[in-house]
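> what follows is a protein structure lacking sequence information:
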C-alpha cells in the first residue's frame with residue numbers, strides 16, 4: 001500500500017514538472033506572425049493622419065474666423081502654394097538636404113567624440129570628478145549661446161556649424177552612456193572578469209551591451225540637440241557662402257514678413273525631425289527592447 005502511494009506521488013510530481021516545463025516552453029516560444037495590412041493601417045497610420053487632419057481643420061477654421069490679420073496667420077493653401085513654388089523651382093529638396101546632411105554629419109562626429117568620452121567618464125573616477133559636472137552643465141546650456149563665439153572663432157562657414165553641433169550633442173551622448181554604464185549590474189562585471197573579459201574586451205563584450213538602453217536614449221537626445229543646434233546656427237549666422245538651409249529659410253521668411261514661408265520652414269524642420277526618429281531611432285529602440293525580451297514582434 002505504501003509503495004502504491006509513493007508511486008502515485010512520484011507520478012503526480014513528474015506530471016507537475018512536465019506541466020511546468022511545457023508552460024516555460026510556451027512562454028519562450030513566441031509566435032511570430034505577419035500583422036495584417038489593415039491592422040497596421042488602423043493602428044499606426046490612421047492615428048497620425050487623423051491628428052494632422054484635425055490640425056488642418058482647426059487651422060482653416062481659425063483663418064475663416066479671422067482671429068487675426070491674414071498676413072499673421074496664412075491659410076494652409078498659402079503654405080501649400082509656397083511648397084509648390086519651391087518644388088517647381090527645384091529648391092525644396094536642395095534646402096532640406098543642405099540641413100539634413102549637416103545635421104547627420106555633425107551627429108556622427110559627435111558620436112565619435114561622445115562615446116569614448118562617456119566611457120572614460122564612466123570608468124575613471126578621477127575623470128568623472130573632474131569633467132562630469134562640466135558635461136552636465138554643458139548639456140543644460142542652450143546651444144544658441146555657442147553661435148556668437150563660434151562665428152568669431154571660425155567665421156561664417158561649415159566649421160562653425162559643426163562646432164555648434166558638437167558642443168550641443170557631445171554632452172548628451174556622453175551623459176547618456178554614463179547613465180547606461182552606471183546601471184550595469186555589478187554581477188555582470190564580476191562574471192566578465194571571471195571569464196577573462198577585462199580592459200577593452202570587458203568594455204566591448206560586457207559594459208557596452210549592458211549599457212545599450214541608456215546609450216540609445218543618449219543618442220536620441222544627442223540627435224535632438226544636434227538638430228536644434230544646427231537650426232539655431234543657421235538662423236543666426238546667415239550667409240550666401242553657407243547655402244540655403246531650413247534655418248536660413250525660416251529667417252528669410254521672417255525678414256520678408258512672409259508668414260507662409262515661415263510656416264513652411266517650421267513644418268519642414270518638424271517633418272525632418274519626425275522622419276529621422278521614425279527611420280533610425282525608433283527601429284533601434286525596438287531592436288534593443290526585443291533583444292532583451294521586452295518587446296514581442298507582432
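It's in. Since the structure is predicted, the reported quantities are computational estimates derived from the model, not experimental observations.

> show me where pLDDT drops low in the stretch 151-298 of the chain?
Along the stretch 151-298 of the chain, the parts satisfying pLDDT under 70 run over 197-199, 293-298.

> would you map the helices across it?
Assigned by DSSP state H, counting those that start in this stretch, the helices in the stretch 151-298 of the chain fall at 158-182, 186-194, 199-202, 208-210, 212-236, 246-255, 259-276, 282-291.

> counting neighbours, which bits of the helix or strand containing residue 99 end up buried?
Element membership for residue 99 (DSSP states H and E) is helix 92-123. Across helix 92-123, burial judged by 16 or more other CB atoms under 10 Å covers 92, 95-96, 98-100, 102-104, 106-107, 109-111, 114-115, 117-119, 121-122. Just so you know, the C-beta spots here come from the backbone N, C-alpha and C atoms, and that holds for glycine as well.

> now do stretch 261-274
Result for stretch 261-274 [16+ other CB under 10 Å]: buried residues 261, 262, 263, 264, 265, 268, 269, 272, 273.

> and if you look at stretch 247-264?
Buried residues in stretch 247-264, counting neighbours by 16+ other CB under 10 Å, are found at 247-253, 258-264.

> any idea how far residue 155 is from residue 232?
Counting by CB to CB, to the nearest Å, the separation of residue 232 from residue 155 is 17 Å.

> right, I mislabeled it, should have said residue 209
42 Å.

> can you check residue 269 too?
In this view, residue 269 and residue 155 are 25 Å apart by CB to CB.

> out of the helices of the stretch 151-298 of the chain, nearest to residue 66?
Proximity to residue 66, assessed across these by CB to CB, is greatest for helix 259-276 (14.7 Å).

> roughly how far is the closest one from the heart of the chain?
The chain centre lies 17 Å from the centre of helix 259-276; the measure is CA atoms, centre = their mean, to the nearest Å.

> can you give the contact residues for that helix?
For helix 259-276, contacts defined as CB atoms under 8 Å, 6 or more residues apart in numbering pick out 71-74, 78-79, 81-83, 86, 95-96, 99-100, 103, 223-224, 227, 231, 246-247, 249-250, 252-254.

> and residue 165, what does it touch?
By CB under 8 Å, 6+ apart, the neighbours of residue 165 are 102, 103, 106, 107, 109, 110, 226, 229, 230, 233.

> excluding its backbone neighbours, what's nearest it?
Closest residue to residue 165 apart from its sequence neighbours, by CB to CB, 6 or more residues apart in numbering: residue 106 at 3.2 Å.

> test my guess that that neighbour contacts residue 160.
No. Assessed by CB atoms under 8 Å, residue 106 is found out of contact with residue 160, at 11.1 Å.

> surely residue 243 is in contact with residue 99?
No. Applying CB under 8 Å as the test, residue 243 and residue 99 come out as separate, 9.3 Å apart.

> show me what the helix holding residue 99 is packed against.
Judged by 3 or more CB pairs under 8 Å, 6 or more residues apart in numbering; DSSP states H and E, helix 92-123 is in contact with helix 76-89, helix 125-140, helix 158-182, helix 212-236, helix 246-255, helix 259-276.

> can you pull the buried residues of the second one?
The neighbour-count criterion (16+ other CB under 10 Å) identifies 128, 132, 135, 138, 139 as the buried residues of helix 125-140.

> need the pLDDT of the fourth one.
Think residue 138. pLDDT, residue 138: 85.

> spatially, and excluding backbone neighbours, which residue is closest to it.
Using CB to CB, 6+ apart, the closest residue to residue 138 is residue 171 (4.2 Å).

> the one you found: neighbour count?
Residue 171 has 26 neighbours, counted by other CB atoms under 10 Å.

> just the closest of the buried residues of stretch 247-264 to residue 201, please.
Closest to residue 201, out of all of the buried residues of stretch 247-264 and judged by CB to CB, is residue 247, at 43.8 Å.

> that closest one reaches residue 235, doesn't it?
Yes. Counting by CB under 8 Å, residue 247 does reach residue 235; the two are 4.4 Å apart.

> before I go, just wanted to say thanks for your time.
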